[in-house]
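> Starting from these lines, generate the structure:
(chains A and B, ligands or ions: 3)
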Amino acid sequence: MYTGEILESMKKVEAARDANLALEPRRMTAEEKDALLSAYHPDYKESEFETLKIGVSRGDKVPHELAALLQGKPRIGAGDADLTKIDYDTDVLIIGGGGAGSSAAIEADNNGARCMIVTKLRIGDANTMMAEGGIQAADKPNDSPAVHYLDAFGGGHFAAKPELLYKLVNEAPDAIQWLNRLGVEFDKAPDGTMITTHGGGTSRKRMHAARDYTGAEIMRTLRDEVLNRGIPVIDYTAAVELILDENGRCAGAVLMNMETRELRVARAKTVILATGGAGRLHYQGFPTSNHYGATADGLILGYRAGAKLLYADTLQYHPTGAAYPDQIYGALVTEKVRSLGAKLVNAKGEVFMHPLETRDVSAASIIRECGDRGNGVKTPDGVGVWLDTPMIERIGGEGTILSRIPAMHRMFAKYGIDIRVEPILVYPTLHYQNGGLDITPDGMTAVENLYAAGEVVGGIHGRNRLMGNSLLDVIVFGRNAGRCASEKAKSVEPGALTLSHIDAFLKERGDAGIEGDTVSPKLLPVYTHGNPDVPKKPF
Amino acid sequence: MESFVDVFLFGKCYSVPDNLTIMGAMEYAGYQLVRGCGCRNGFCGACATIYRIRGDRELKVCLACQTKVENNMYVATLPFFPLIKEGFELEKVSPDVSVMMQLYPEIYACVGCNACTKSCTQGLNVMQYIAYAQRGDFAKCAEESFDCVMCGVCSSRTSGCRRSGTESSRICSPRSCRSPWRN
Ligand SMILES: Cc1cc2nc3c(=O)[nH]c(=O)nc-3n(C[C@H](O)[C@H](O)[C@H](O)COP(=O)(O)OP(=O)(O)OC[C@H]3O[C@@H](n4cnc5c(N)ncnc54)[C@H](O)[C@@H]3O)c2cc1C
Ligand code: SF4
Ligand code: FES
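Ligands and ions are numbered 1, 2, ... in the order given. Have a look, this model is predicted:
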């Protein structure tokens, strides 16, 4: 289905395929990587960031879009919700129905706590559902948590909080076993051994997958478990503000029905934020691979209540978002495509980098190839480089694509591109929020009784995350937060509820001279696809 | 040059760029989606949709986020369908036929019309995997149904199935109730 210039370029890729298959591209040196990142990675573009003027992390740099929300106007005033009328009363309130929230709910339930999940869309309408590639854990004889630690620590530019990363890698094998027992069907050899592969930045094969529906398989299993246990799930209900008690401890949340906009009050002994990422803020105008509700709400709610941020200036741009056709512009092309052997090739048919450099390096390298070097392929929406998928069938044998990455095949087949015989065009897409709320190893933020787990957290991975470590973090820290928050709840006596922090925040905002009417949290993006007649008013 | 097509959203005509998905067309027309939109990329099954092209006898089903608009397309979304999710305790159920009979008796009323397979938005062989489930061949059922996104299309009556109700859906599809028969 390629035409014109794109087709011309594709022919060059085909012609060079044999030679490119044989080629073992060189890895970049540390110096080369540093130079590349600072010149081309979006995180290094200073004009795209600003310094926070108010709140506990004032002085930190964050992207403009995030700053506008963190310092934005609260959706409700302190007097808008009637805190004397408690609609939901529970031990552990879990905000967000993705992998982290569901894992937390299961463990809180195990610990005998009453808990409930509130979620903006449906349970499972979440980034977790979309994860394709896999989940890391050092559970093979040639591997160990120590090696896993080194890979992740280096990949994250030595910035991870050691105690968090330590927990992540050490509890990884158990997380896989837990999922397996719940019924997740990991890819296995006939004798039952789990099949593991490499991902960008791994020195051992420790990526566990369930075809390229790994996240979907995990999410539907967790959801099933949550429902089987009868844990209440309130869907189409967003948290719009946290509630504190008179001692400044977190004690619940104000909820908003997404359809009727009615407000409800939930009181809890402890609260877990598991609201995921921020792709739908479209930093620097990038497209995104994220689900519809990824609008950084948890960062906003937590920040306003006094939780600190960590590394909120580091985002992950996945090197391979779809660049063509435009209906799937920005959609993820899983890294597994490269793990299985597809190489990155420029418009002239040249392999311009090792396909398994870390994500930040790969993204920067593609941006350079398409930018200054002028070796990109022009598409209707932008530009891209080739990812030579037919190589996979050459390396792994015919049928590898359908058995290992059926979702990828399906995604392109819908638009007439058969990735078994034709390569695809890719360009970086906004994928993951590396930074987020700062937590201690028990999952608590700087606000007492407010826990956080999953993509909303910062610091576990440092300034860059390796593929497969996020699904892992969602399970490990989701379970951890569920356990710790339910344990803590046993000794909490709820105090008088208050929203006075909103007034304090508004005052600080006024004193700092911050104006603007961006309402936060954002909850949902607004798309009008360029229709000039439709007003683009925020949700 | 952008070209436009006529799309009828719940019967009302809108002129939209022809490169949009159905989901994009709704947004272009000015809808702020809340229900019926989750992952936006073919993984969550939130956006099940029914459509008919004018002049065409056949009623079609699809995922709105994965389907390009066509001229004279009549669209109705199906963001929810009342289906049943049975609960079970994973440690207590045993992987044999009786589990299916007990939890999902209606699959044994299948008359083999194959409407489910024809409608599947993921191109799965639904009737076949339901047959595996009926027989208690859970490993095969799990294998065949693996790529299901739980959109519910096959089990809604829009698929044409005359026995629909629970055989597979966004919450209670064999995909999400498959757990008991795993090793
Ligand atoms: C396309 C894609 C592919 C990926 N592939 C991989 C991979 O192969 N390996 C890997 O390790 N990681 C991968 N990731 C990353 C990983 O999937 C996510 O980081 C992780 O699943 C996040 O889980 P979570 O539970 O923190 O958030 P999510 O799963 O996003 O869940 C957050 C939930 O919170 C809800 N929510 C948000 N705001 C509110 C609010 N205000 N009130 C109530 N509810 C709210 C959301 O609707 C959602 O249900 C991928 C991510 C994407 C997008
Ligand atoms: S719910 Fe039915 S139609 Fe939808 S993907 Fe699954 S099997 Fe196919
Ligand atoms: S929105 Fe998830 S499948 Fe369409």
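
> In the chain, which residue is most central in space?
Picked chain A for this. A:Tyr432 (3.9 Å; C-alpha atoms, centre = their mean).

> hmm, I had chain B in mind actually
Short answer for chain B (C-alpha atoms, centre = their mean): B:Val153, at 2.6 Å.

> Show the pLDDT at that one.
At B:Val153, the pLDDT value in this model is 86.

> Next, the contact list for it, please.
Residues in contact with B:Val153 (C-beta atoms under 8 Å, 6 or more residues apart in numbering or on different chains) are B:Ala48, B:Val61, B:Leu78, B:Ser119, B:Cys120, B:Thr121, B:Ser159. For every residue, glycine as well, the C-beta is placed using N, CA and C.

> A:Glu132 too?
For A:Glu132, the contacting residues are A:Asp212, A:Tyr213, A:Thr214, A:Gly215, A:Leu332, A:Thr334, A:Lys336, A:Ile405, A:Ala407, A:Met408, by C-beta under 8 Å, 6+ apart.

> Look up how far ligand 1 lies from the fifth one.
Same thing as A:Leu332. 4 Å (C-beta to the nearest ligand atom, to the nearest Å).

> Near that residue, how many other residues are there?
Using other C-beta atoms under 10 Å in any protein chain shown, A:Leu332 has 26 other residues around it.

> Check whether it really touches A:Ser289, as I assumed.
Yes: using C-beta atoms under 8 Å, A:Leu332 makes contact with A:Ser289 at a distance of 3.8 Å.

> intersection of neighbour lists for the two?
A:Met130, A:His318, A:Gly321, A:Thr429, A:His431, B:Asn41.

> returning to that earlier point: check the contacts of A:Glu132 one by one and keep those near chain B.
A:Tyr213, A:Gly215, A:Leu332, A:Ala407 (C-beta under 8 Å from any C-beta of the partner chain).

> if you skip the residues just before and after it, what's nearest to the second one?
Leaving aside its sequence neighbours, A:Gly215 sits nearest to A:Ala131 (C-beta to C-beta, 6 or more residues apart in numbering or on different chains; 2.7 Å).

> nearest residue to whichever residue of the stretch 51-200 of chain A sits closest to ligand 3 other than its sequence neighbours?
Here the residue of the stretch 51-200 of chain A nearest ligand 3 is A:Asp125; by C-beta to the nearest ligand atom that distance is 7.2 Å. In space, and not counting its chain neighbours, A:Asp125 is closest to B:Gly38: 3.3 Å by C-beta to C-beta, 6+ apart.

> can I assume the one you found sits in a helix?
No: secondary structure of B:Gly38 (DSSP: H, G, I helix; E, B strand; the rest coil): coil, not part of a helix.

> and it, what are its phi and psi?
phi -130, psi -80 (degrees, to the nearest 10).

> List the contacts of it.
A:121-122, A:124-126, A:129, A:291-293, B:44-47.

> and if we set it to 7 Å?
By C-beta atoms under 7 Å, 6 or more residues apart in numbering or on different chains, B:Gly38 lies in contact with A:Leu121, A:Arg122, A:Asp125, A:His291, A:Tyr292, B:Cys44, B:Ala46.

> can you pick the most crowded of those residues?
B:Ala46 (31 neighbours).

> what secondary structure does that one sit in?
Assigned by three-state DSSP, the conformation of B:Ala46 is coil.

> which non-adjacent residue is nearest it?
B:Ala46 sits nearest to B:Gly38 (C-beta to C-beta, 6+ apart), 3.5 Å away.

> cool, and A:Gly443?
According to C-beta to C-beta, 6+ apart, the nearest residue to A:Gly443 is A:Ala481 (3.8 Å).

> which secondary structure elements does the helix or strand containing the one you found contact?
Assigning secondary structure by DSSP states H and E places A:Ala481 in helix A:469-489. In this structure, helix A:469-489 makes packing contacts with strand A:88-95, helix A:99-110, strand A:135-136, helix A:162-170, helix A:172-182, helix A:214-228, strand A:263-273, strand A:450-452, judged by 3 or more C-beta pairs under 7 Å, 6 or more residues apart in numbering or on different chains; DSSP states H and E.

> Could you report the neighbour count for A:Ile392?
24.

> ok but it is inside a helix, no?
Yes: checked against three-state DSSP, A:Ile392 lies within a helix.

> ok, it touching A:Arg338?
No: if you go by C-beta atoms under 7 Å, A:Ile392 and A:Arg338 don't touch, sitting 9.4 Å apart.
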